[in-house]
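Enquirer: coords please:
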Amino acid sequence: MTTLSNPDWLDPRLSSDDHFLHPHALVDKGATIGRGSRVWAFAHIAAGATIGTDANICDHTFIESGVTVRDRVTIKSGVFLWEGTYLEDDVFVGPNVSFTNDPRPRSRHRPDQYDGIRVQRGASIGAGAVLLPGITIGEGAMVGAGAVVTRNVPAFALVHGNPARIKGYVCRCGQSLNVGSEPGDRCSQCEPAPHFERFAA
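Expert: The predicted model follows:
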């Protein structure tokens, strides 16, 4: 990883051997960006934020100090990540997802500690979803577009609605599982790998 020393945007020609920064991206001094990651136009990464390897940070994204984005994460346009947010490897965040970190916000009041959101490995958050402070989205879970998530989501659960409720479960590939699936059942997209083997991968 590289810790950037230039407080302004960097010409991608200066960093093409390590990562790509669009000429109109703003990366503050002290931000860390991993090898192979791409930061697109009008994205702003604050000092103290950490981006892993091979991440894709799309246009008009803001990543605040104290945020960690791990490897191979995709963050689509219009997403703002606030202090305390932690995205594990292979997470997908759809456009205009709203992350929050303060359950009782007031103007000009800064709590001692923020209630960050953790999104575990391989989970997907659909476009326009709202995630309330302090929750965890479990490994491989899928949050539907426009969902309002008020509580923790179990691993591989499919949730949607307001408030978001469990509507089923998904395979690691994202395909819905049949009701009452047992270990050894097969996903039509993943045959012949049994589900329990994929979960253990």
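
Enquirer: where in the chain is pLDDT low?
Expert: Within the chain, the ranges that satisfy pLDDT under 70 run 1-17, 179-186, 191-201.

Enquirer: Do a quick rundown of the helices in this protein.
Expert: 195-199 (DSSP state H).

Enquirer: Can you give me the distance of A47 to L21?
Expert: 15 Å (CB to CB, to the nearest Å). The C-beta positions use only the backbone N, C-alpha and C, and glycine is treated the same way.

Enquirer: Looking at these two, which is more packed in?
Expert: More crowded of A47 and L21, by other CB atoms under 10 Å: L21, with 28 against 16.

Enquirer: I'd say that one and F42 touch.
Expert: No - L21 is not in contact with F42 according to CB atoms under 8 Å; the separation is 11.9 Å.

Enquirer: count of residues packed around the residue nearest to W82 when sequence neighbours are not counted?
Expert: Spatially, and ignoring its direct neighbours in sequence, W82 is nearest to N101 (4.4 Å; CB to CB, 6 or more residues apart in numbering). N101 has 23 neighbours, counted by other CB under 10 Å.

Enquirer: I figured N101 was touching G116, is that so?
Expert: Yes - taking contacts as CB under 8 Å, N101 lies within contact range of G116: 5.4 Å.

Enquirer: Identify the contacts common to the two.
Expert: 82-85, 133 (CB atoms under 8 Å, 6 or more residues apart in numbering).

Enquirer: now L21: how far from V39?
Expert: Distance, L21 to V39, by CB to CB: 5 Å.

Enquirer: and if you look at L177?
Expert: Distance from L177 to V39, by CB to CB: 36 Å.

Enquirer: same question, P105
Expert: 28 Å.

Enquirer: Just give me the neighbour total for V39.
Expert: 29.

Enquirer: Roughly how far does it sit from V130?
Expert: From V39 to V130 the distance is 25 Å (CB to CB).

Enquirer: cool, I117 as well?
Expert: Taking CB to CB, one finds I117 at 11 Å from V130.

Enquirer: So those two - more neighbours on which side?
Expert: Here I117 and V130 are compared on neighbour count by other CB under 10 Å; more neighbours surround I117, at 23 against 19.

Enquirer: For the more buried one, give me its contacts.
Expert: With CB under 8 Å, 6+ apart, I117 has these contacts: 84-86, 99-101, 131, 133-137.

Enquirer: Which of those has the largest number of neighbours?
Expert: I137 (27 neighbours).

Enquirer: Okay, and the beta partners of it?
Expert: I137 forms beta bridges with V119, V153, as assigned by DSSP bridges.
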